[in-house]
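Enquirer: Give the three-dimensional model of this entry:
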Amino acid sequence: SGSTRSSTAKKTWRWRWHPPNLRFEAPVPGESVVGIEVPNTNPAPVTVKSVMDVDSYKSAHPNMGLPVPLGLDSGGQPAIADLTRMPHLLVAGATGSGKSVCINALVVGLLMNRTPEQVRMVMIDPKRVELTPYAGIPHLYTEPVVEPERAIVILRSLVQEMMERFRLLESAGVRNIAAFNAKSSVKMPFLLILVDELADLMLTGANDVERLLVRLAQLGRATGVHLVVATQRPSVDVVTGLIKANFPSRISFSVMSQIDSRTILDSPGAEKLLGKGDMLFLPVDRARPLRVQGAFLGDDEVEAVVDYWRKADRPEMPMLEVNFDEESGSVDIAPSGGDSLFDNAVSLAKSQRTLSTSLLQRRLRIGYPRAARLMDELEDEGVVGPGEAGKPRQVL
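Expert: Next up, the predicted model:
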């Protein structure tokens with residue numbers, strides 16, 4: 001049969017070429033030929049800067065929502081992804097395979113191309129070492145979360161934030177964040193949630209973590225909420241069927257076994273990767289994974305980008321405030337409680353001739369959904385007049 005001849009040919013090629021990690025692509029997408037990938041004994045390093053300097057990246061990223069420079073494919077072309085189209089990404093890889101470097105490249109790529117007004121980030125880092133260096137940048141919606149118990153609380157509040165965004169879309173008569181931002185003078189930023197490491201969260205409360213991640217993944221795309229979840233233990237008790245089904249884009253670095261590769265990619269191959277950034281990228285719109293050499297990023301480069309944003313003279317950004325009552329387990333995302341926050345908004349309005357949602361955000365340090373809801377309440381109470389597109393409200 002054809003499959004038997006193909007299998008025999010693969011074994012013959014491997015025997016004659018010696019390298020144990022040959023990878024066959026049959027057929028090459030868009031071609032009527034078979035591709036054979038041979039490991040390079042002297043691989044050239046791929047840096048984030050070298051990927052971002054390529055003309056095809058420069059022309060592509062302005063048209064993307066959340067552009068990510070992954071690395072170079074086997075043909076030497078930049079591998080670029082748009083997180084808004086994924087719309088959620090699952091990353092797996094054994095220790096030392098390049099998984100954490102990939103997460104850093106993703107974050108730094110966004111920091112170099114998107115402002116805090118365009119994307120806010122929530123970083124959950126139970127390992128306490130991978131994402132904590134980003135503390136203090138204005139893109140953060142809350143400081144990096146390192147305690148698994150608090151991470152669950154943060155995820156609950158993010159679900160509330162997402163539902164608040166849905167209410168704003170409904171009131172504006174639009175279906176998604178792109179249509180909302182095209183219509184509104186005050187833009188709604190993307191919200192990127194990064195989790196590294198998923199296994200530590202699942203140990204704390206697997207049912208809660210699974211339920212919250214799935215809820216965010218199922219409904220998040222329309223409201224601009226996107227997730228990147230990483231793990232070095234791609235077992236079925238960590239990457240459950242529900243989580244896997246709702247993260248259609250996957251990246252696998254070198255893993256320990258073919259079973260781990262199948263858990264992430266639904267196919268073998270990742271167990272034969274070379275490590276040091278060698279990855280298989282399976283986007284939502286491809287049937288077979290694309291082999292990519294991941295872009296490398298040094299600690300000094302991360303520090304330079306972080307220092308730039310820490311020192312940038314920018315307006316203070318609103319933060320996600322979470323009040324957690326350990327006994328009741330209740331979550332309140334309003335920074336000062338409902339009534340006092342409304343009173344503060346009234347006081348602010350009385351000191352102004354006009355009032356905008358962005359001013360409420362800055363002065364009260366609240367997120368856009370809460371500020372927009374406050375503005376509606378102020379209108380209902382006769383404090384401000386009706387809204388006009390692109391203009392602040394008149395204080396009555």
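Enquirer: Outline the domain layout of this protein.
Expert: Each domain of the chain is listed here as a residue range: 1-39, 42-311, 334-394, per automatic domain parsing.
Enquirer: Please convert the ones you listed to JSON lines, extending it with mean neighbour count.
Expert: Bear in mind the C-beta positions are built from the backbone N, C-alpha and C, glycine included. Formatted as JSON lines, the domains of the chain follow (neighbours: other Cβ atoms under 10 Å):
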{"stretch": "domain 1-39", "mean neighbour count": "11"}
{"stretch": "domain 42-311", "mean neighbour count": "19"}
{"stretch": "domain 334-394", "mean neighbour count": "17"}
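Enquirer: Just put those in TSV and tack on distance to residue 320 and mean pLDDT.
Expert: Output for the domains of the chain, formatted as TSV (distance: least, Cβ to Cβ, whole Å; pLDDT from 0 to 100):
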stretch	distance to residue 320	mean pLDDT
domain 1-39	41	59
domain 42-311	5	93
domain 334-394	6	78
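Enquirer: got TSV for those, with distance to residue 317 too?
Expert: Formatted as TSV, those follow (distance: least, Cβ to Cβ, whole Å):
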stretch	distance to residue 317
domain 1-39	42
domain 42-311	5
domain 334-394	8
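Enquirer: Out of these, the one nearest residue 318 is which?
Expert: With Cβ to Cβ as the criterion, residue 318 lies closest to domain 334-394 of the domains of the chain, at 4.7 Å.
Enquirer: Now find how far off-centre the closest one is within its chain.
Expert: 30 Å (Cα atoms, centre = their mean, to the nearest Å).
Enquirer: now do stretch 239-256
Expert: Using Cα atoms, centre = their mean, the offset of stretch 239-256 from its chain centre is 14 Å.
Enquirer: CA atoms only for that stretch, dumped as CSV, please.
Expert: Extracted in CSV, the C-alpha atoms of stretch 239-256 (Å, rounded to 0.1, in the frame of the first residue of the first chain):
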residue,chain,number,x,y,z
VAL,A,239,-4.3,19.7,29.9
THR,A,240,-7.8,18.4,30.2
GLY,A,241,-10.1,17.6,27.3
LEU,A,242,-12.1,20.8,28.0
ILE,A,243,-9.1,23.0,28.2
LYS,A,244,-7.6,21.5,25.1
ALA,A,245,-10.8,21.9,23.1
ASN,A,246,-11.0,25.6,23.9
PHE,A,247,-7.3,26.4,23.0
PRO,A,248,-7.3,25.7,19.3
SER,A,249,-3.8,27.0,18.6
ARG,A,250,-0.9,25.1,20.2
ILE,A,251,2.9,25.3,20.4
SER,A,252,5.0,22.3,21.5
PHE,A,253,8.6,22.4,22.2
SER,A,254,10.6,19.2,22.9
VAL,A,255,8.6,16.8,25.2
MET,A,256,9.5,13.6,26.9
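Enquirer: need the helices for the stretch 51-200 of the chain, in chain order.
Expert: Secondary structure of the stretch 51-200 of the chain by DSSP state H, counting those that start in this stretch: the helices cover 55-60, 99-111, 148-172, 177-183, 198-219.
Enquirer: which residue ranges form the strands in the stretch 201-350 of the chain?
Expert: Assigned by DSSP state E, counting those that start in this stretch, the strands in the stretch 201-350 of the chain fall at 225-231, 249-252, 278-282, 290-294, 323-325, 330-332.
Enquirer: I'd like those strands written out as JSON lines, with distance to residue 108 added.
Expert: Converted to JSON lines, the strands of the stretch 201-350 of the chain look like this (distance: least, Cβ to Cβ, whole Å):
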{"stretch": "strand 225-231", "distance to residue 108": "13"}
{"stretch": "strand 249-252", "distance to residue 108": "16"}
{"stretch": "strand 278-282", "distance to residue 108": "17"}
{"stretch": "strand 290-294", "distance to residue 108": "13"}
{"stretch": "strand 323-325", "distance to residue 108": "31"}
{"stretch": "strand 330-332", "distance to residue 108": "31"}
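Enquirer: closest to residue 90 out of these?
Expert: strand 249-252 (4.7 Å).
Enquirer: And the contacts of that closest one?
Expert: With contact meaning Cβ atoms under 8 Å, 6 or more residues apart in numbering, strand 249-252 is reached by 70, 81, 86-93, 102, 234, 261, 264-265, 270, 273, 279-284, 289.
Enquirer: Residue 387: which of the helices of the stretch 51-200 of the chain is closest?
Expert: Smallest distance to residue 387 across these (Cβ to Cβ): 10.6 Å, for helix 148-172.
Enquirer: Give me the angle between the closest one and strand 225-231.
Expert: 160 degrees (axes from the mean of the first three to the mean of the last three Cα atoms, to 10 degrees).
Enquirer: Which residue lies closest in space to residue 253, excluding its sequence neighbours?
Expert: residue 93 (2.8 Å; Cβ to Cβ, 6 or more residues apart in numbering).
Enquirer: Make sure the one you found is actually in contact with residue 260.
Expert: No. If you go by Cβ atoms under 8 Å, residue 93 and residue 260 don't touch, sitting 9.4 Å apart.
Enquirer: distance of residue 183 from residue 177?
Expert: Per Cβ to Cβ, to the nearest Å, residue 183 is found 11 Å from residue 177.
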